[in-house]
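>>> return a 3D structure for these sequence lines:
(chains A and B)
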There are 2 protein chains.
Amino acid sequence: MTPQSTTAVRYVYDFEEGDRNKKDLLGGKGANLSEMTNLGLPVPPGFTITTEACRIYMETGGFPEGLMDEVATHVAELEKKMGKKLGDAGNPLLVSVRSGAKFSMPGMMDTVLNLGMNDESLRGLTTQSGNERFAYDAYRRFIQMFGKIVMDVPGEEFEHEIERLKEETGVTEDTDLGADDLKELVVRFKEVVRLKTGKGFPDTPMEQLKLAIEAVFQSWSGERAKIYRRQNRISDSLGTGVNVQTIVFGNLGEDSGTGVAFTRDAGSGAKSYLAEYLPNAQGEDVVSGARTPLHLDALKESDRASYDKLTGIMAQLEDHYRDMCDIEFTVEKGKLWMLQTRIGKRTAGAAVKIAVDLVSEGKISQEEAVLRVDPASLDQLLHPQFDTSADITIVAKGLNASPGAAVGKAVFDARTAERMAESGEKVILVRPMTEPEDVGGMYAAQGILTSRGGKTSHAAVVARGAGKPCVCGAGSLKIDIEKREFTVGEYRVVEGDIVAINGNTGEIALGEVPLVEPELSADLLKILGWADGIRRLKVRANADTPEDAAKGREFGAEGIGLARTEHMFLGDRLPVVRRMILANTPDEEQAALDELLELQREDFIGIFSAMSGLPVTIRLLDPPLHEFLPSSKELELQIQGLEIYRSVATSASKHFHWENTDVPLDSPTTAQSVEKEIAEHKGLLENVTRLEESNPMLGMRGVRLGIVKPGLYAMQVRAIIEAAVQVKAAGKEPVIEIMIPLVAVREEFDMMRREALAIIEEVFASSGQKIDFLIGTMIELPRAALTAGDIAETAEFFSFGTNDLTQTAFGFSRDDIEGKFLPRYLERGILKVNPFESIDQAGVGRLIEIASKEGRATRPGLKLGICGEHGGDPSSVEFCHNTGLDYVSCSPFRVPVARLAAAQAVLNESDTAGSDTR
Amino acid sequence: MTPQSTTAVRYVYDFEEGDRNKKDLLGGKGANLSEMTNLGLPVPPGFTITTEACRIYMETGGFPEGLMDEVATHVAELEKKMGKKLGDAGNPLLVSVRSGAKFSMPGMMDTVLNLGMNDESLRGLTTQSGNERFAYDAYRRFIQMFGKIVMDVPGEEFEHEIERLKEETGVTEDTDLGADDLKELVVRFKEVVRLKTGKGFPDTPMEQLKLAIEAVFQSWSGERAKIYRRQNRISDSLGTGVNVQTIVFGNLGEDSGTGVAFTRDAGSGAKSYLAEYLPNAQGEDVVSGARTPLHLDALKESDRASYDKLTGIMAQLEDHYRDMCDIEFTVEKGKLWMLQTRIGKRTAGAAVKIAVDLVSEGKISQEEAVLRVDPASLDQLLHPQFDTSADITIVAKGLNASPGAAVGKAVFDARTAERMAESGEKVILVRPMTEPEDVGGMYAAQGILTSRGGKTSHAAVVARGAGKPCVCGAGSLKIDIEKREFTVGEYRVVEGDIVAINGNTGEIALGEVPLVEPELSADLLKILGWADGIRRLKVRANADTPEDAAKGREFGAEGIGLARTEHMFLGDRLPVVRRMILANTPDEEQAALDELLELQREDFIGIFSAMSGLPVTIRLLDPPLHEFLPSSKELELQIQGLEIYRSVATSASKHFHWENTDVPLDSPTTAQSVEKEIAEHKGLLENVTRLEESNPMLGMRGVRLGIVKPGLYAMQVRAIIEAAVQVKAAGKEPVIEIMIPLVAVREEFDMMRREALAIIEEVFASSGQKIDFLIGTMIELPRAALTAGDIAETAEFFSFGTNDLTQTAFGFSRDDIEGKFLPRYLERGILKVNPFESIDQAGVGRLIEIASKEGRATRPGLKLGICGEHGGDPSSVEFCHNTGLDYVSCSPFRVPVARLAAAQAVLNESDTAGSDTR
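Sure thing, here's the model as predicted:
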């Protein structure tokens, strides 16, 4: 059908030769144009240059050998097919040159329309169309687009000429320029090109084509495209295809037009067209927003035949692709042409509804439906959202950098945010951009709003890590830090005014926008139900309180994978904890431990009751003890203040008003009380100094604490088991897994396990009850992973603590780097993803694989899980599935994400159900 | 020859059946008794119970089946051989029961002599010896020893009875007690046993034997023995043999006696007997120190025949064992008996001399000589030592916990130590024991002396880590912290008095003991020369200055494996470094960098010149920048002080003498200068706050710094290359390896490498010179090790940074744990060795193996080395050899240790030359 080029490898395919499965080779657009061509749909003929050609161009900086010969052959074929010729003065062929990569990257790469225009074909086009103005307009558009995209002339140079011409001719609208004006514009545009590039505008169509193809290849490596790929985790090495296609004109009069349509509503998922039509227009008029498009009904009224044909094709495409499609079409003098189709992008909610509907319609299987929803997108549905039933004033839009919605008083610096948050106020931190020293304020705020920076900016990375809603890069906000206000359009917001942000959409609103808590829709429950039937990985929640546990259970958690006990040591318990740490005698220590025992037992009773019948993994105390004490800095400042006070008070008391100074005094009133206070502070300081560490992350915490502070883990184990005995006595079913953290050496685990077993036996003996339990460990240090075969001799389960494992494998302190160099690393591509969000498979993942394999070699059936936010990251979940883990555990609102991702992991593994989404 | 027991496995071997190669089975003592028996030497007959029996006893808590039957059979054989019977009233057989493990553990386990004594055999012994007093003495000694060791009666109970009897009879010396007194003592001793144990003293010899064997087995697991094994890295699972041997008596009159001898001088290595003899005495009299032994010449004079026979045997044994031997012997009524031989322990100096002499004498090969010296023991020869030619008053001895000698003023608390050291004084920190908060003072001191704690105590561990001499557990020191003094014997030392300690020997001396710098003796040079001919691993030194480099070279280093650049940023350069860090404009920053460039270039010129022809690996800046600034705590205290001053000065200045307070002011005198100072401090604080980190170990350091602070690494690379160009121009030969630290992700390395290459090209171009260089990385993070195959694509060498690799693999911050829980971990056996001293092979070692293998798979011949103190630890050196590394690098004074260890690694690998030392 098509003449073979003489080279062994082909780089060019006619649309007739491809199909939708050839996306790797032809790119998405080319493959789908081929598919439609072969379905017999009215597609303007053309051909595709392969992604392989682009890859060679990227590597060598030049076209593959013979490429332009092949292109020439295909152009000749096309000319023959169309009965037109490029650059012909009689019947000229015009083509579009469009990029098209495997994955859609809308707007990221370049397009040239009307290629083939020159002074010759201008005459032909005038004759063909019978419309000189149209022909000159096509010509000037071509020079403008080609000049800007292929020849790197700044776009505003052309805009400028148009404006000047309009002034000269006294018109205000482009459309008021006549044929002669446009003719003049062609001359001026060519002059602009010559001035700016030092070269004449290329007249030969084949030269135009060659340059345009090269420009598309280059646009693949453009900054915009690179950033997009990084954000969407698309490999830089794929390359783009180039589609050369006969131009059809939607702007040849009222019997022409152009439009785009989704076969269903991409916002809600409802079964109704979401479509727009613009009569007498070319595609770029729709895209540029220069004219407001009409509903598709306009076509129905003006050209019923084309409308019927179009809706027929839309139904045909949806049946064929078995999914919602997104199409572009043009009507040229009453004839319908299909310019593009692809699987349509949609919101998370629409994805869920469409998938469920397609199953009801018998078009896809449940497995396919499960694959149709991007688990990460569920985040949008699982955070608080603006209550759309309320009257909301959206004043601007930025980038949707971290999901969820938040409302609070605008504040303009981190310290104010912290101070106000401490006094119980809800605040939104508003900054041009954030910096490392703002992190405290970011954590204190409900949400973060910035006017600069993208999705890998400091603000975005920290917010996602902290689970805070964030809108960034809202460029229309003019923030004045000095005045502590921002303006946007007509609005002015001063510190303390209420603002609201929606991190799912990037929307910014003013006033007390009501938020709604997320609920799982019936459709989502259906999809998750199907997912549950497919997945092999269990999903648990991380929860430290009965409330969180219940929430996790509601979202489908099959247990608690991580119940941290340190949160139980804070609040009103802090004084008791401090007494325990600072005890001077074993008796004092024991008294404090006894008090804690009572409290902890109650904690566990609540959690076990909420999770009756499901396993609960309790991690014994992990953080270093000095975290429960004031810092030495604080104490030294107080001591210095007190000592100066003492000095001053004795020598100058009568003449000096101490109250006017900033010294942080608890207002001692007598010399005696000052002395006492100084002594107490010094005593405390001595303890703090002994406990403080230069690198607490790598210091006295976890099992080390259990070994060095006898009685602590013993108390916790006793509280757990006594609670379980009581809960069981109350008719519920506690399922206990005791987890010893931060083990590096097997003997650490063994020692604590022996201690725990002795206590458990004692509680069983005294209560006359017995309950099943497991004692296991976190694998969160590289050495533990590397010696897991040994540790599994005695450990009954492993839970991978991927946060600490990432910190130690990389040597990254999350506290220190997440706000500092991590954003820069992501921007510069040193890291492709934040390893604290998605498991680093090459390093951390390898440790998990080693530990899993060798742990199970020692103890077949060893229970394996992971806890930490990675448990709710889809690609990490897939990794866990492939590595053979038993469960993942994540924060309650991530449980649905993990359920879906776990099912997809099974389906992707078996590869039986194909999916056209990515 | 010996009747086989009916069980398949044998647990008992006559001396005739063993040989010296059966140490695993028979223990060292048993194997050597067998060896001597088979050499035809006069060994009192007996048999050995195997270590296997002991191992079964440890596991099961009971004797292996049939053991006592086997023992009975061998006893019967022995009785037949000797013509005597256990417990016989006519001709009684008495035996000793002695432990004997594979490795000598002197004094750590139990011995029972004269077993078989009871009222019957007493009569026989009386008849045999014709000496009633002797017989009763033997009886009471047996009861005393058996009671204490086997029946757990406190030894002082028996001593007490002896004292009472002496009072009653009015004598002062034990030897003045007559036969009747000793007869009474036997009665009283038996009564003591009955009272203390509730059981009668066992009369039946076979029961005595069974209990004695069990006691020896148990003594293997005694606390004393366990600690000894831990310190000497002997496995707990080996078990001990038990030797049952006919007793001979050295205390049967003046024609009897007992002695010990080394065939050469174990102290100096000289070829002369080191031997002691005690007439009319049993072995325990020598050991207990109750009587002062004579020189062997005493025997020569009194019994020439026995003397000649003994010296002949000594020569024979040395020829046979081809090493210096340590023997015990007894002369019973003119007949010489050999009771034990083994390879003699010796000082490091003696080991070197003996090995070299034995090669000269043609007795051993050079390879064997190399194996005869323990590399770790060379430490003793490579640190400063007491000048033995001086008049030194040794006042006490403690444990030799960390090698080297030190002299300084005694101080009794860490803060004083720090304060005095800061003002340039040399101090020795003296404490009952040290604690974590003393670490600062320990680092400030020349050496550490404690009266409590063993070789794994806090003091010992920290001192070894810091390379400080340490003597600990010197129990005879009475330290009074309140009075700030210690007394020892007649001496009293108050704070400020000069003391000296020798960490090689544990000696403590008073006054300005002169120290001598170590020199490599001719013998040691010879051994090291042989080692160099054998080893495959290269040995480099870690050195940051030309002086250290020269010292390393003098000790045989074949290059510098780690030249740290951070030390070059301190001292008088600190102000420049601070200007660089705190620069407000790029120009300010560049100006500071330019200044640093000049200085660094000079540094490198010095080092390259010193190491001409040998490779120098330079690590680009590693530590976080805030280490070069004051701490925020310090600044906040100063600011608070200044602010109060300002307050007070304005409201009470006339009535208040500010100078009397402790506020850390730089004495501002005017209100204006206070304001300025506060503003400056606040500005600095802001910078410090931005830079400070919660876990600096895991923060912004190493390559991260290079990436985030552009210009810094560029300056260093330029300084290196410009220096190399200059050094080459001066006719020397710089060999450069540029090392980028703390790489976790290959792209980090690539980015810095590209930057470096650009600068290098520029310097080459402008200088017209070219020099070979390598650019490589440290592998010091687990992720780097796990992705080494990838990193080796561009890295030209790897240097394993085992310090950081150990910190991150274990999650141990060395700063925090070494003084805190690490000593406890070592004491409790959670860790067998300090992983910062000796590579943890299971975890850290595995990472090194993975990285080596996969790095070389990518880049065959990839140069691999390690830097850090592990490079000077013999077992780590052996590991590096076995893993195929190219070199180890360690501090200069450890270079000889590494050279020797590297040679031994080759010899141990080939296993051709046997060695009898451990």
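>>> excluding sequence neighbours, find me the nearest residue to residue A:644.
With sequence-adjacent residues excluded and distances taken as Cβ to Cβ, 6 or more residues apart in numbering or on different chains, residue A:644 is closest to residue B:644, at 5.3 Å. Quick note: C-beta positions are derived from backbone N, CA and C, even for glycine.
>>> how far does the helix or strand hosting that neighbour sit from its chain's centre?
Assigned by DSSP states H and E, residue B:644 belongs to helix B:632-652. Between the centre of helix B:632-652 and the centre of its chain there are 51 Å (Cα atoms, centre = their mean, to the nearest Å).
>>> is stretch A:863-879 anywhere near chain B?
No: using Cβ under 8 Å from any Cβ of the partner chain, stretch A:863-879 stays clear of chain B, with a minimum separation of 14.9 Å.
>>> that older thread, neighbours around the residue nearest to residue A:644, how many?
Using other Cβ atoms under 10 Å in any protein chain shown, residue B:644 has 24 neighbouring residues.
>>> next: residue A:278.
22.
>>> just residue A:235 next, same as before
For residue A:235, using other Cβ under 10 Å, the count is 10.
>>> what about it, which SS state?
Recorded secondary structure, residue A:235: coil (DSSP: H, G, I helix; E, B strand; the rest coil).
>>> what separation do you get for the residue lying closest to it once chain neighbours are set aside and chain B?
Setting aside the residues directly before and after it, residue A:235 is nearest to residue A:229 in space (Cβ to Cβ, 6+ apart), at 7.3 Å. Using Cβ to the nearest Cβ, to the nearest Å, we find residue A:229 at a distance of 16 Å from chain B.
>>> and residue A:229, what element?
Counting by DSSP H and E, residue A:229 is found in helix A:223-231.
>>> after that helix comes which helix or strand?
In N-to-C order, the element after helix A:223-231 by DSSP H and E is strand A:240-246.
>>> I'd like the average pLDDT over that next one.
The pLDDT scores in strand A:240-246 average 96.
>>> that one pairs with which strands, and in what direction?
strand A:46-49 (antiparallel), strand A:95-101 (antiparallel) (DSSP bridges).
>>> dump the last one to CSV, restricted to CA.
Once side chains and other backbone atoms are set aside, the C-alpha atoms of strand A:95-101 remain, and they are given as CSV (Å, rounded to 0.1, in the frame of the first residue of the first chain):
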residue,chain,number,x,y,z
VAL,A,95,-0.9,20.1,6.2
SER,A,96,-0.7,20.3,9.9
VAL,A,97,2.3,19.1,11.8
ARG,A,98,1.5,18.0,15.3
SER,A,99,3.4,16.2,18.1
GLY,A,100,1.9,13.2,19.7
ALA,A,101,3.6,11.2,22.4
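>>> hmm, who's touching it?
Applying Cβ atoms under 8 Å, 6 or more residues apart in numbering or on different chains, the contact partners of strand A:95-101 are A:26-30, A:46, A:48, A:51, A:78, A:86, A:109-116, A:209, A:212-213, A:216, A:219-220, A:234, A:238-247.
>>> helices and strands around the helix ranked longest in chain A, which ones?
Assignment by DSSP state H gives helix A:586-610 as the longest helix of chain A. Packing partners of helix A:586-610 (3 or more Cβ pairs under 8 Å, 6 or more residues apart in numbering or on different chains; DSSP states H and E): helix A:546-554, helix A:574-582, strand A:615-619, helix A:712-729.
>>> just want the angle from the last one to helix A:574-582.
Following axes from the mean of the first three to the mean of the last three Cα atoms, to 10 degrees, one obtains 140 degrees for the angle between helix A:712-729 and helix A:574-582.
>>> repeat for the third one
For strand A:615-619 and helix A:574-582, the angle between their directions (the same axes, to 10 degrees) works out to 60 degrees.
>>> between strand A:615-619 and helix A:546-554, how big is the angle?
Using the same axes, to 10 degrees: strand A:615-619 against helix A:546-554 is 140 degrees.
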